[in-house]
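[1] predicted model and sequence below, questions to follow.
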Amino acid sequence: MREWLLADTPESSFQAWAGRAYLGLGAFMKNRLAVLGLLIIVALIVIAVFAPVIAPYDPVETRIGNRLAPLSSTHYLGTDEMGRDIFSRIVWGSRLTLYVIGLVAIIAAPVGLLVGTVAGYFGGIVDMVLMRITDIILAFPKLILALAFVSALGPGIENAIIAIAITSWPPYARISRAETLTIRHSDFIKAVRLQGAGGLRIITGHIMPLCLSSLIVRVTLDMAGIILTSAGLGFLGLGAQPPCPEWGAMTAGGRAYIIDYWWLITMPGTAIFIVSLAFNLLGDGLREVLDPRGGN
Amino acid sequence: MISIENLNIFFGHGQTRSHAVKDVGFTVEKGESFGLVGESGSGKSTVLNCIAGLLTHWSGHMEIDGVRLTQTRDMAFYRKVQMVFQDPYGSLHPRHTIDRTLKEPVKIHRLGDANQRVAQVLEEVGLGAKFRFRFPHQLSGGQRQRVAVARALILDPEVILLDEPTSALDVSIQAEVLNLLQDIRKEKNLTYLLVSHDLAVVCHMCNRLLVMNRGKSVETLTRSQLKRGAISEKYTKQLLIASKGYDRTAIDQFQDFE
């Protein structure tokens, strides 16, 4: 298997790519912290998928008689002001967190990539228009713009996702444009132009693959920010609505009890902290592997 | 095959506009190999890029195979004219395998039989099938330049523009690539337009050449004139002396020609 992957003369495109991926994986595995980050994220995904099995209680069922119970063997992380099991709520909340991160990444990254590469490749008036729009959105503080959008569209997790996505694509556009500007005058782009390739083929087939690695790194590093923004919106009551077990909204709910019942706010806060940290560690590790300037 | 008259090329606009090529003209017959020689900044590569359609600010008359060139090029032009670039390290996409690089032109022109064409063209440039699925970083400079030649050949062009095809290679590889180019030209009756600052390379490859200096043409020579030293222009004489290697007394006598 190893020999097949590292063959000096691959026999198919698939084998060539597999060999390259294998080498990248090897380099990634050497970075212990990045692997730790990856493991935490994999754990998050597993928890989200098996939430009904893992969570011992219904996350929204209230038992007023058992409210504000401390940590115990029946309620691992205690209960909140409505008597709901905090551990179960955090487990179910991982689904919401992944949902937000996934959708924001799926919406924002391709939009940023497209805007940036088109602006960078065509230049001139196209570049002017696209980049000024980017500048305008970039000039707003992210959370404030997201707040404005949510207030206009109404609170809710879907609107929070749209708001975060709208405010987070401009940095990706800037990165892709900067990469495109360094690539577009290189000989291999001239060569494919001389073969008669059109703008669409050059951008999607030749420029985007080279922008992708720095974009992936940036998106991964931004994941932590996305979690915090969605938690922030939840905290302000503009994200997920009660009784939805969203981590930010849970922290907000525990705010009034912080002195006497510390676990209400600490547990979801710790969950936000751990997942954000994991994405940052993963992003740093990916940067070392994917950075085009890190050698081949 | 190629006919250029009164070609003027400009860079920039307004105050910063520079006149890079001034009233250059020459003709190249079908099957001929023609050289453009000059020092750095003489505008020789600019002429080549202009013919290829990579530059748009030019005026004058350019014809290829009887078809007048305009500011934009059509697909038929790209089938007929291909180019090999100077730097083999920069002219291949770093994330594409050789196979993908060579299949791209076949796909663009919808020629079909991509697999067979790639195998055939790799054979023609002396690279076996074992190189096919490698990435450019797994090849040496000479092998990469062979891939670049293969990419130019895969569309069966009639004219190949060569922009200093060997100046980035070391001397032993230079000869290999030049001989390969010569053999291919004879076999396929191609027309070459070769840009180089190296008189020895041009003398080996071309039967006629144009000497350029500061964007203007100096004189047209044949290979035998160059070998005999039957040169009329002082600038060409100076270039010839310079190409023979470093000589303190000769360099002290060099002058600038406008």
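    Thanks, I have it.

[2] CA only for contacts and neighbour counts going forward, please
    Noted.

[3] can you give me the helices in the chain?
    You didn't say which chain, so I picked chain A. Counting by DSSP state H, one finds helices in chain A at the ranges A:2-5, A:13-29, A:32-49, A:51-54, A:86-122, A:124-139, A:142-153, A:157-183, A:187-194, A:199-201, A:208-235, A:247-254, A:263-290.

[4] nope, chain B please
    Per DSSP H, chain B carries helices over the ranges B:44-52, B:75-80, B:98-108, B:114-124, B:141-153, B:171-188, B:199-205, B:223-228, B:234-243, B:248-252.

[5] looking at those helices, which is buried most?
    Highest mean neighbour count among these (mean count of other C-alpha atoms under 10 Å in any protein chain shown): helix B:141-153, with a mean of 25.

[6] elements contacting that one?
    strand B:81-84, helix B:98-108, helix B:114-124, helix B:171-188 (3 or more C-alpha pairs under 8 Å, 6 or more residues apart in numbering or on different chains; DSSP states H and E).

[7] would you put the C-alpha positions of that helix in CSV?
    Output in CSV follows, covering the C-alpha atoms of helix B:141-153 (Å, rounded to 0.1, in the frame of the first residue of the first chain):
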residue,chain,number,x,y,z
GLY,B,141,14.2,21.3,-15.7
GLY,B,142,15.0,19.5,-19.0
GLN,B,143,12.1,17.1,-18.6
ARG,B,144,9.8,20.0,-17.8
GLN,B,145,10.8,21.8,-20.9
ARG,B,146,10.1,18.7,-22.9
VAL,B,147,6.6,18.6,-21.4
ALA,B,148,6.3,22.3,-22.4
VAL,B,149,7.3,21.3,-26.0
ALA,B,150,4.8,18.4,-25.9
ARG,B,151,2.1,20.8,-24.8
ALA,B,152,2.8,23.0,-27.8
LEU,B,153,2.9,20.1,-30.2
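
[8] so, low pLDDT: which residues of chain A?
    A:291-296 (pLDDT under 70).

[9] quick check: residues of the stretch 101-250 of chain B near chain A?
    Neighbours of chain A within the stretch 101-250 of chain B, by C-alpha under 8 Å from any C-alpha of the partner chain: B:104-105, B:108-109, B:130-135, B:137.

[10] make TSV out of those and add pLDDT.
    Formatted as TSV, those follow (pLDDT from 0 to 100):
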residue	pLDDT
B:104	93
B:105	93
B:108	93
B:109	93
B:130	85
B:131	88
B:132	89
B:133	90
B:134	89
B:135	89
B:137	87
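
[11] mind giving me the PyMOL select for the residues you listed, buried ones only?
    Buried subset of those, written as a PyMOL selection, criterion 16 or more other C-alpha atoms under 10 Å in any protein chain shown:
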select buried, chain B and resi 104+105+109+131+132+133+134+135+137
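
[12] where does chain B get nearest to chain A, which residue?
    Here chain B gets closest to chain A at one residue, residue B:91, 4.1 Å apart by C-alpha to the nearest C-alpha.

[13] quick check: that residue touching residue A:192?
    No: using C-alpha atoms under 8 Å, residue B:91 makes no contact with residue A:192, being 9.5 Å away.

[14] export stretch B:106-118 as CSV, just CAs?
    What follows is stretch B:106-118, C-alpha atoms only, in CSV (Å, rounded to 0.1, in the frame of the first residue of the first chain):
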residue,chain,number,x,y,z
VAL,B,106,-7.3,18.6,-26.3
LYS,B,107,-10.3,19.3,-24.2
ILE,B,108,-10.4,23.0,-25.1
HIS,B,109,-10.4,22.2,-28.8
ARG,B,110,-12.7,19.1,-28.3
LEU,B,111,-10.3,16.9,-30.4
GLY,B,112,-11.1,13.6,-28.7
ASP,B,113,-8.8,10.6,-28.1
ALA,B,114,-7.1,12.5,-25.4
ASN,B,115,-5.3,9.4,-23.9
GLN,B,116,-3.8,8.4,-27.2
ARG,B,117,-2.7,11.9,-28.2
VAL,B,118,-1.0,12.4,-24.8
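
[15] look up the closest residue to residue 61, ignoring the ones flanking it.
    Let's take chain A. residue A:84 (6.2 Å; C-alpha to C-alpha, 6 or more residues apart in numbering or on different chains).

[16] can you look at chain B instead?
    Using C-alpha to C-alpha, 6+ apart and skipping residues adjacent in sequence, the residue nearest residue B:61 is residue B:5, 5.1 Å away.

[17] up against chain B, what does the stretch 51-200 of chain A have?
    Residues of the stretch 51-200 of chain A lying near chain B (C-alpha under 8 Å from any C-alpha): A:186-192, A:194-197.

[18] max pairwise distance over the residues of the stretch 101-250 of chain B next to chain A: which two?
    B:109 and B:137 (27.1 Å; C-alpha to C-alpha).
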